[in-house]
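Colleague: For reference, the sequence and a predicted model appear below.
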Amino acid sequence: MPKVHDRGGWPNEDPIDQSEHEMEEWERKVDALNGVLGDLGLKTSDQLRRAIESMDLATYESLAYYEKWTAAMETLLVEQGVMTTAEIDAKMKTLKQAQA
Amino acid sequence: MAQSPSAKYKPGDQVRIRVGVPPTHFRTPQYVQGKQGEIETSWGAYPNPEGLAYGGDGLPAQPLYLVKFAQTDLWTNYKGGSQDALLLDIYENWLESI
C-alpha cells in the first residue's frame, strides 16, 4: 500500500483537479503560524511534510490543504513537548463554548 | 551543497530504483521502485531528507540525481507518446547499479 501522498496512478488515471479557490483568512493565519514556528526552530519544511505524509489515509483524505498543515503542526508541537493533546483539546472546548 | 562523498553515478548511467517501503519517511515514489532509469543530471550532495524529517541534521549528505524514466515503463496502457519521459530527483541511497 503506497503512502498517502504517493498518488501516481491512484485511485485512477483521471486528470488531477487543479481548480483553485480564494485563500480564506484562517488559511492565511495557518500560513503565518507555520512561518512563526519555523522562526522559533520548532518546525522545518521536512518535518512538516513528514508529519503530513504519516497521516492515515482516512484522515489525509478528509482534510483540506491547510487543515493538513494544522494537524501536522499539532503533531510536531506535541512531539517536542511544547504542548499536550489534552491542552489543545481543552482550549478547543473553551473556544467552542465561547462561540455557542 | 553539503560536503559529501563523491557521486557514484554520472549522466548517462543506467540505474534501478531500490524497492522498499520503510515505516519511516521517504521520498521515492513506489511507482518508480524496481524500475530502470537513466541518470540525467548529477546535482551534488544534500542533507538526507529522511533524517531532516525527524529533526536530524541529514548527515552524511546524499548525492542527488535527476533520473529519467520512460513513461511507457511506468504505466500500463500509457496513452501518451512513446518518447514521453518522467524526470524525478532521487537520492543515491535509493539507486542500484545495473
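Modeller: On my side now, so go ahead.

Colleague: I'd like the distance between the closest residue to B:Ala85 other than its chain neighbours and A:Glu74.
Modeller: Of all residues not flanking B:Ala85 in the chain, B:Lys68 sits nearest, at 5.1 Å (Cβ to Cβ, 6 or more residues apart in numbering or on different chains). Just so you know, the C-beta spots here come from the backbone N, C-alpha and C atoms, and that holds for glycine as well. B:Lys68 is 39 Å from A:Glu74, where distance means Cβ to Cβ, to the nearest Å.

Colleague: which residues touch the worst-scoring helix or strand of chain A on mean pLDDT?
Modeller: Least confident helix or strand of chain A, by mean pLDDT, DSSP states H and E, is helix A:57-62 with a mean of 91. Residues from elsewhere that reach helix A:57-62 (Cβ atoms under 8 Å, 6 or more residues apart in numbering or on different chains): A:Val4, A:His5, A:Ile52, A:Lys68, A:Ala71.

Colleague: how many neighbours does residue 97 have?
Modeller: If you meant another chain, say so; for now it's chain A. 8 (other Cβ atoms under 10 Å in any protein chain shown).

Colleague: actually chain B
Modeller: 9.

Colleague: Show me how far the helix or strand containing A:Leu77 is from its chain's centre.
Modeller: According to DSSP states H and E, A:Leu77 maps onto helix A:65-79. Its chain's average C-alpha position is 4 Å from that of helix A:65-79, according to Cα atoms, centre = their mean, to the nearest Å.
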